[in-house]
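Sequence plus predicted model, see below.
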Amino acid sequence: MVRCVTDFGRVHAKRLIQNWILHLAVTMMMPDIPVTTRIIGTDPFRPNTAGMQVFTPVGDAARTCLEDLAALYVYGLKQPWPFFPETGLLLARSLAEDLYELEDNAVTRAMKKARPGWFNVHSGTGEKTDRYAAVWLAGQPDPFDTPAHLLASGIVVHALSVFKPLLAHLETRS
């Protein structure tokens, strides 16, 4: 079965997460049928062009993935947790290139690639400017000051817990 989603906007991290959850749910509702989800919208890598992000069949892993996401959601209801979708997706994509190794060089490269999602100094935008981030950051150093701060913040761990399984089943097509 192929599930198609169209959107006029950029296929950003929040849309990917929303459609990933729906992809997992549909997979669980039809366990004997391979489910593919195609998300058509503005290409996240090439502005002003159409692109397609495709979630490939997950199979039996759908239940575990959905249970893990539900557990993170419940955890987030009890206490603030450092999850920032755009920054997290940029971190996870970069770390995927290094097979998710959390060595200093890999984390430094990931920080460089994710920094614009966290805070763009030219436009003054980014997830750092969000009110939730301000509450979460109160009294803490900026996680993007050093690789050690980033790792200690929990942002990387939570980004990978959400995006590693998602990226394992995501393909980008033109």
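Perfect, thanks for sending it. Numbers count the residues shown, from 1 in each chain.

Can you tell me the SS state at Gly51?
strand (DSSP: H, G, I helix; E, B strand; the rest coil).

how about the helices in this structure?
13-29, 61-78, 85-97, 104-118, 131-137, 147-153, 155-168 (DSSP state H).

Using TSV, lay out the ones you listed together with mean pLDDT.
TSV is the format used below for the helices of the chain (pLDDT from 0 to 100):
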stretch	mean pLDDT
helix 13-29	97
helix 61-78	96
helix 85-97	97
helix 104-118	96
helix 131-137	88
helix 147-153	95
helix 155-168	97
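
Figure out which of those is closest to Phe55.
For Phe55, the closest of the helices of the chain is helix 13-29, at 4.5 Å, according to C-beta to C-beta. No exception for glycine: its C-beta is placed from N, CA and C like everyone else's.

tell me which strands and helices the closest one is in contact with?
Judged by 3 or more C-beta pairs under 8 Å, 6 or more residues apart in numbering; DSSP states H and E, helix 13-29 is in contact with strand 2-10, strand 36-42, strand 50-55, helix 61-78, helix 85-97, helix 155-168.

let's see 10 Å
Judged by 3 or more C-beta pairs under 10 Å, 6 or more residues apart in numbering; DSSP states H and E, helix 13-29 is in contact with strand 2-10, strand 36-42, strand 50-55, helix 61-78, helix 85-97, helix 155-168, strand 170-173.

Could I get the buried residue list for it?
Ala13, Arg15, Leu16, Ile17, Asn19, Trp20, Ile21, His23, Leu24, Val26, Thr27 (16 or more other C-beta atoms under 10 Å).

so how far is that helix from its chain's centroid?
Distance of helix 13-29 from the chain centroid (C-alpha atoms, centre = their mean, to the nearest Å) equals 12 Å.

Ok, stretch 82-98 next?
6 Å.
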